[in-house]
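Enquirer: here's my sequence, what's the structure:
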Amino acid sequence: MASAKRTVSSPESPADRTALLRSWALEEGFDRAAAAAIEPSDQIGAFRDWLKRGDHAAMAWIGRRIERREDPRNILPDARSALCVALQYWPLDGETEATGDLWPGVARYARGRDYHDIMGKALKRLCRRIEEAFPGAVTRPYVDTGPVLERELAARSGLGVQGKNTNLLDRTWGSYFLLGEIFLTLELEPGEPVADICGRCTRCLDHCPTGALPEPYRLDSRRCISYWTIEHRGDLPAEVREDLGEWVFGCDVCQEVCPWNYKAGPGSHPQLRQPSERRELDLAGLLALDREEYVRCFVKSPMKRPKLEGLQRNAAVAMGNRRDPRYVPPLVEALAAEEPVVRRHAAWALGQIGGNRAQRGLEGRLEVESDEATQREIRAALRRVTSHPAYSGEAQHGAESA
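Expert: Residues are numbered from 1 along each chain as shown. Just a heads-up that it's a prediction; the model follows:
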């Protein structure tokens, strides 16, 4: 196959080149591919307004190198086209809905292998093939890592249209697909943009648990579960914790309620399926992982982004929001975790659950805890435990013996 790639004649028309590159993208495993012309962004003004409002939360890196987002030619000066690709990650052939107390709280794209690795390698192979077939052509691949307004590019290529939840939507594929692009100095034939398909529907806005979609086509990261569980470092603000519900990594609610996702057919990408060695992990197991086990369990997983302490922080909050007394023992053990942030969120969760065992665990830890912020969190949890109406008198004994 490699020799065939080198001997293929190079098409001269933009339409023929686009058809050839699209076929190569599909050979690499992408579900769809289309081209967009390189030109200044139509959405840069809205992007600047988004930044001015602070909708990017603490993700300061998003506001850097705006000139590159404004015009891809500031990345690749002689770029003429972008080849945009899409890879469906849900539903998948042979994959069933997640079960247990952990995996339903993990965004579907993150349950398998890291898409940056899968798509990045495929795009690099595609770039080499293009440069071999078209001597002098220069390529630059991106997978959700550079200063690129990728949804705008993909929409201009015809791969979908931006929905009110800010995701790219397609009538056939829904929105459970990942995007990548190659900037290149070849002229390709641009695809046809798709007209709006949201209509009057506001399900994503209406069902967002935290109100992170305050108006159509606007995401406020300061209210977004995905931001807090993935990007935020350190302690979660007290006022945010209950809003996270049972989500541990990301959130799919705005996609779950979207009608365009109801009939999307399965993709054939076994590498995106959840590995069997990870499937049995539950909240208590995640909270108890040591660093060596974490590295082994989450090798090549996008869930490594918040690091071990971030995942364990999120697991503790999910346990507290479930208010299930069976989580008290692992949470009490987590009060002795190496990372103070994990200890603090375990204390908060015990305060949410309440009960005698939670109280004894908190009091015992308070006697030996040296970190002042953790001491404050434990005291606050104890105040909630002692005033917890569900665990007073007979109700308390019945709950703890259940």
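Enquirer: just give the number of residues close to E280.
Expert: Neighbourhood size, E280 [other CB atoms under 10 Å]: 10. Placement of C-beta: from N, CA and C, glycine included.
Enquirer: pLDDT value on the closest residue to it other than its chain neighbours, please?
Expert: In this structure, E280 finds its nearest non-sequential neighbour in G100, 7.9 Å apart by CB to CB, 6 or more residues apart in numbering. You'll see G100 listed with a pLDDT of 93.
Enquirer: tell me the secondary structure for G100?
Expert: On the three-state scheme (DSSP: H, G, I helix; E, B strand; the rest coil), G100 is labelled coil.
Enquirer: shouldn't it be in contact with A284?
Expert: No - look at G100 against A284 with CB atoms under 8 Å: they stay out of range, at 10.6 Å.
Enquirer: higher neighbour count, the two?
Expert: Using other CB under 10 Å as the criterion, G100 and A284 rank with A284 on top: 18 against 13.
Enquirer: any idea how far P329 is from the more buried one?
Expert: Here A284 is placed at a distance of 8 Å from P329 (CB to CB, to the nearest Å).
Enquirer: and if you look at Q43?
Expert: 50 Å.
Enquirer: one more: A60?
Expert: 40 Å.
Enquirer: ok, now V143?
Expert: 41 Å.
Enquirer: these two: who's more crowded?
Expert: A direct count of neighbours by other CB under 10 Å for V143 and P329 places V143 higher, at 24 against 13.
Enquirer: F183: which element?
Expert: Assigned by DSSP states H and E, F183 belongs to strand 177-184.
Enquirer: hey, C-alpha coordinates of that strand in PDB?
Expert: In PDB, the C-alpha atoms belonging to strand 177-184 read as follows (Å, rounded to 0.1, in the frame of the first residue of the first chain):
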ATOM      1  CA  PHE A 177     -18.100  13.100  17.100                       C
ATOM      2  CA  LEU A 178     -14.600  14.500  17.500                       C
ATOM      3  CA  LEU A 179     -13.000  17.100  15.200                       C
ATOM      4  CA  GLY A 180      -9.500  17.500  13.700                       C
ATOM      5  CA  GLU A 181      -8.100  19.500  10.800                       C
ATOM      6  CA  ILE A 182      -5.100  19.800   8.600                       C
ATOM      7  CA  PHE A 183      -4.100  23.200   7.400                       C
ATOM      8  CA  LEU A 184      -2.400  22.900   4.000                       C
END
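Enquirer: now the residue at minimal distance from the centre of the chain, nearest residue through space, not along the chain?
Expert: Most central in the chain under CA atoms, centre = their mean is G250, positioned 5.0 Å from the mean C-alpha point. Nearest-residue entry for G250: A107, 2.9 Å, with adjacent residues in sequence omitted and distances by CB to CB, 6+ apart.
Enquirer: which residues touch the one you found?
Expert: Taking CB atoms under 8 Å, 6 or more residues apart in numbering, we find A107 in contact with 226, 249-252.
Enquirer: enumerate every residue touching G364.
Expert: For G364, the contact set (CB under 8 Å, 6+ apart) is empty.
Enquirer: distance of it from G174?
Expert: G364 is 50 Å from G174, where distance means CB to CB.
Enquirer: got it, and A122?
Expert: 22 Å.
Enquirer: neighbour-wise, which of these two wins?
Expert: Taking other CB under 10 Å, A122 and G174 do not tie; G174 has more neighbours (24 against 20).
Enquirer: wait, doesn't the more buried one sit right on N261?
Expert: Yes - the criterion here is CB under 8 Å, and G174 meets it with N261 at 3.7 Å.
Enquirer: need the overlap of contacts for the two.
Expert: Listed as contacting both G174 and N261 by CB under 8 Å, 6+ apart are Q255.
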